[in-house]
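Undergrad: This is the structure alone, sequence omitted:
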């Protein structure tokens with residue numbers, strides 16, 4: 001009955017004026033996406049956000065947008081406010097999941113094996129949960145010296161949230177090595193990022209142990225991949241929302257959007273220790289957050305991430321903070337005090353991508369989140385606001401759930417960008433904050449516990465506050481090249497020290513240690 005009504009809506013006219021919209025029964029058993037006319041652009045988008053609609057990728061001049069509908073009341077409100085809409089034909093969750101299985105069968109890889117037996121990892125299939133776990137276990141088994149496979153917790157339906165670490169000493173907090181992460185598939189029906197991360201894991205491991213060095217491989221040369229793995233603590237998560245993927249749903253098993261469920265600097269909730277400058281409880285336990293969000297926040301709080309990105313689908317663009325603003329106005333550019341750095345990070349990914357930089361909808365393939373459309377409770381803003389981690393949202397496919405046969409092409413589009421972005425974690429300024437050995441006037445080096453728990457800020461920047469790793473005292477602060485100097489302020493043991501320096505295109509990395 002529901003599908004019949006949707007079909008009648010769809011065929012009645014290109015756009016249905018609200019007064020003629022036919023009531024549609026909305027249930028929680030599936031997802032409903034409508035395309036809405038927004039002739040006033042940002043002003044209309046803001047009305048839709050205030051209605052509680054889950055806006056999804058406004059297009060071009062913003063006179064059209066899509067939104068997920070959760071109730072018949074929301075459709076009625078659209079009608080009452082004069083909006084015209086039409087339903088977007090979406091297969092049911094069950095039909096989408098079945099289509100992915102058909103893709104696997106048509107490819108001949110139902111057990112994910114190359115028919116010739118020469119390569120156990122193939123990429124023209126959708127890796128469901130079981131196949132994904134199988135692949136991760138095989139990679140760890142084959143490359144145990146540079147991988148660590150572990151679960152950071154479980155989803156609502158009890159699926160492990162798997163993470164794989166790439167390092168020359170996996171599981172060891174090594175001094176002088178920054179931490180980096182990629183997180184994919186937080187929207188269960190946006191699957192390209194999931195496959196990109198799986199492919200990245202395999203290819204980095206295979207390249208690390210390659211028996212040849214070819215400088216023509218550029219960023220994917222053996223020496224560069226070895227340099228990254230040997231000098232970076234890399235964490236890669238193929239799916240943050242395994243329940244949503246298995247249901248072919250955007251949402252988790254509670255029908256909640258995980259990228260609207262993090263604490264937000266504008267809409268909250270703020271914890272009792274929040275001072276608006278990055279402080280946060282280190283552990284969240286049944287605080288009213290979605291389980292996957294709580295697990296992710298707790299795990300991130302246990303680390304010291306410097307740079308990261310999360311993958312989405314529906315567009316091809318690199319999105320950077322802020323996603324929301326206090327006036328709640330879409331189209332209002334809302335940059336952080338690290339705006340130039342964020343633009344450089346986004347441009348690095350975009351320029352290295354085979355098509356993103358050439359976007360017709362977004363200048364140079366990048367966008368400020370709020371200038372595109374406002375959202376609240378997103379993961380990228382939380383990472384920067386609460387944890388001092390620079391994070392982008394990378395939209396890597398206009399089609400959210402493409403056919404499996406097209407997945408290798410997405411890998412080719414993104415493979416260079418994935419490495420170009422990752423290696424930016426080794427730019428800016430870095431060093432150690434340690435105790436001065438007053439007994440003999442010499443400095444302490446190389447002992448766990450010698451590092452100081454210090455607060456690091458850049459003069460004039462109140463948005464970004466970071467802390468040293470308390471075990472070793474190492475710090476990393478990404479910065480954009482510029483012609484004027486930066487002043488770093490280090491606070492420890494009740495005292496401050498400052499250091500003035502330049503970051504340029506010719507000198508993208510400065511190393512400086514502090515002793516208290």
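TA: Thanks, I have the structure now. On a predicted model such as this, the values are computed, not experimentally measured, just so you know.

Undergrad: for residue 400, helix, strand, or coil?
TA: Recorded secondary structure, residue 400: coil (DSSP: H, G, I helix; E, B strand; the rest coil).

Undergrad: Residue 507 versus that one, what's the distance?
TA: 41 Å (CB to CB, to the nearest Å). C-beta: built from backbone N, CA, C; applies to glycine.

Undergrad: Can you pick out the residue with more neighbours from the two?
TA: With neighbours defined as other CB atoms under 10 Å, residue 400 and residue 507 compare such that residue 400 has more, 20 against 11.

Undergrad: tell me which element residue 57 falls in.
TA: strand 54-59 (DSSP states H and E).

Undergrad: Contacts made by that strand with the rest, please.
TA: 33, 38, 45, 48-49, 64-68, 70, 257, 260, 314-315, 330, 361, 372-373, 375, 395 (CB atoms under 8 Å, 6 or more residues apart in numbering).

Undergrad: Using PyMOL, make a named selection holding only the buried ones among those.
TA: Filtering these down to the buried ones (16 or more other CB atoms under 10 Å) takes a single PyMOL command:
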select buried, resi 38+45+48+49+64+65+66+67+68+70+257+260+314+315+330+361+372+373+375+395
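
Undergrad: Quick check: helices, which of the contacts of strand 54-59 are part of them?
TA: 45, 48-49, 372 (DSSP state H).

Undergrad: can you redo these as TSV with distance to residue 305 and pLDDT?
TA: Listed next are the ones in helices among the contacts of strand 54-59 as TSV, based on distance: CB to CB, whole Å; pLDDT from 0 to 100:
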residue	distance to residue 305	pLDDT
45	31	87
48	33	88
49	29	83
372	24	94
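
Undergrad: Redo those as a markdown table? Include distance to residue 418.
TA: Converted to a markdown table, these look like this (distance: CB to CB, whole Å):
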| residue | distance to residue 418 |
| --- | --- |
| 45 | 31 |
| 48 | 33 |
| 49 | 32 |
| 372 | 23 |
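
Undergrad: ok, so of those residues, who is nearest residue 129?
TA: The shortest gap between residue 129 and any of these belongs to residue 372, at 31.5 Å (CB to CB).

Undergrad: Now do the helices in the stretch 301-450 of the chain.
TA: Using DSSP state H, counting those that start in this stretch, the helices of the stretch 301-450 of the chain run over residues 339-352, 369-372, 379-387, 407-422.

Undergrad: Any stretches of the stretch 51-200 of the chain with poor pLDDT?
TA: 60, 89-120 (pLDDT under 70).

Undergrad: can you map out the strands along it?
TA: Here the stretch 51-200 of the chain has its strands, by DSSP state E, counting those that start in this stretch, at 54-59, 64-69, 85-87, 147-154, 160-166, 179-183.

Undergrad: Looking at these, which one is packed in the most?
TA: strand 179-183 (a mean of 24; mean count of other CB atoms under 10 Å).

Undergrad: Run through who's touching that strand.
TA: 197, 200, 232-237, 240, 296, 303-311, 379, 418, 422, 425.

Undergrad: could you redo the last one with a cut-off of 6 Å?
TA: In this structure, residues lying in contact with strand 179-183 by CB atoms under 6 Å, 6 or more residues apart in numbering are 197, 232-237, 240, 303-305, 307-310, 422, 425.

Undergrad: Generate a ChimeraX selection restricted to the buried subset of those residues.
TA: In ChimeraX, this line selects whichever of the contacts of strand 179-183 come out buried by 16+ other CB under 10 Å:
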select :197,232,233,234,235,236,237,240,304,305,307,308,309,310,422,425
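
Undergrad: can you give me how far stretch 198-213 is from the chain middle?
TA: 23 Å (CA atoms, centre = their mean, to the nearest Å).

Undergrad: Ok, stretch 123-142 next?
TA: 21 Å.

Undergrad: hey, what's the residue nearest to the spatial centre of the chain bridged with?
TA: Closest to where the C-alpha atoms of the chain average out (CA atoms, centre = their mean) is residue 310, at 1.2 Å. Going by DSSP bridges, residue 310 is paired in beta bridges with residue 183, residue 393.

Undergrad: tell me which residues in stretch 471-480 are buried?
TA: Buried, per 16+ other CB under 10 Å, within stretch 471-480: 472-480.

Undergrad: Check stretch 351-365 too.
TA: 351-353, 356-357, 359, 361-362, 364-365.

Undergrad: Same check on stretch 454-468?
TA: 454-458, 463-468.

Undergrad: before we move on, back to that, the helices of the stretch 301-450 of the chain into JSON lines, with extra columns for distance to residue 152?
TA: Converted to JSON lines, the helices of the stretch 301-450 of the chain look like this (distance: least, CB to CB, whole Å):
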{"stretch": "helix 339-352", "distance to residue 152": "25"}
{"stretch": "helix 369-372", "distance to residue 152": "26"}
{"stretch": "helix 379-387", "distance to residue 152": "14"}
{"stretch": "helix 407-422", "distance to residue 152": "20"}
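
Undergrad: so which of those gets nearest residue 493?
TA: Using CB to CB, these put helix 379-387 closest to residue 493, at 23.3 Å.

Undergrad: what helices or strands is the closest one leaning on?
TA: Judged by 3 or more CB pairs under 6 Å, 6 or more residues apart in numbering; DSSP states H and E, helix 379-387 is in contact with strand 390-397.

Undergrad: From the rest of the structure, what touches the strand it packs on?
TA: Residues outside strand 390-397 that contact it (CB under 6 Å, 6+ apart) are 192-193, 307-313, 315-320, 345-346, 380, 383, 414, 478.

Undergrad: For stretch 143-160, which outside residues touch it?
TA: Against stretch 143-160 from outside (CB under 6 Å, 6+ apart): 136, 140, 161-166, 170-171, 205, 229, 242-243, 252-253, 291-292, 295, 299.

Undergrad: Try it again at 7 Å.
TA: Identification of contacts with stretch 143-160 by CB atoms under 7 Å, 6 or more residues apart in numbering yields 129, 136-137, 139-140, 161-168, 170-171, 205, 208, 229, 242-243, 252-254, 291-292, 295, 299.

Undergrad: how far away is residue 150 from residue 164?
TA: The value you get for residue 150 to residue 164, if CB to CB is used, is 8 Å.

Undergrad: How about residue 138?
TA: Distance from residue 138 to residue 164, by CB to CB: 11 Å.

Undergrad: Next, count neighbours for the residue nearest to residue 309 when sequence neighbours are not counted.
TA: The shortest distance from residue 309 to any non-neighbouring residue, by CB to CB, 6 or more residues apart in numbering, is to residue 392 (4.6 Å). Residue crowding around residue 392 was assessed by other CB under 10 Å; the count is 24.

Undergrad: the bottom helix or strand of the chain by mean pLDDT?
TA: helix 2-12 (a mean of 36; mean pLDDT, DSSP states H and E).

Undergrad: ok, residue 313 - contacts?
TA: Residue 313 neighbours (CB under 7 Å, 6+ apart): 190, 192-193, 395-397, 400.

Undergrad: One more: residue 45?
TA: Counting by CB under 7 Å, 6+ apart, residue 45 has contacts 38, 55, 58, 62, 65, 330, 373.

Undergrad: Check the gap between the closest residue to the fifth one other than its chain neighbours and residue 289 for me.
TA: It refers to residue 65. Excluding its sequence neighbours, the residue lying closest to residue 65 (CB to CB, 6+ apart) is residue 58, at 4.1 Å. Look at residue 58 and residue 289: by CB to CB, they are 27 Å apart.

Undergrad: any chance you could map the strands in the stretch 401-516 of the chain?
TA: So, for the stretch 401-516 of the chain - with DSSP E, counting those that start in this stretch - the strands run 428-434, 455-458, 466-467, 474-477, 486-492, 495-501, 509-511, 514-515.

Undergrad: Quick check: which of these is nearest to residue 75?
TA: strand 466-467 (45.3 Å).

Undergrad: What's the local residue count around the nearest residue to residue 147 once chain neighbours are set aside?
TA: Among residues not flanking residue 147 along the chain, residue 140 sits closest, at 4.8 Å (CB to CB, 6+ apart). Neighbour count of residue 140, defined by other CB under 10 Å: 19.

Undergrad: same deal with residue 333?
TA: Residue 333 - counted by other CB under 10 Å - has 13 other residues nearby.
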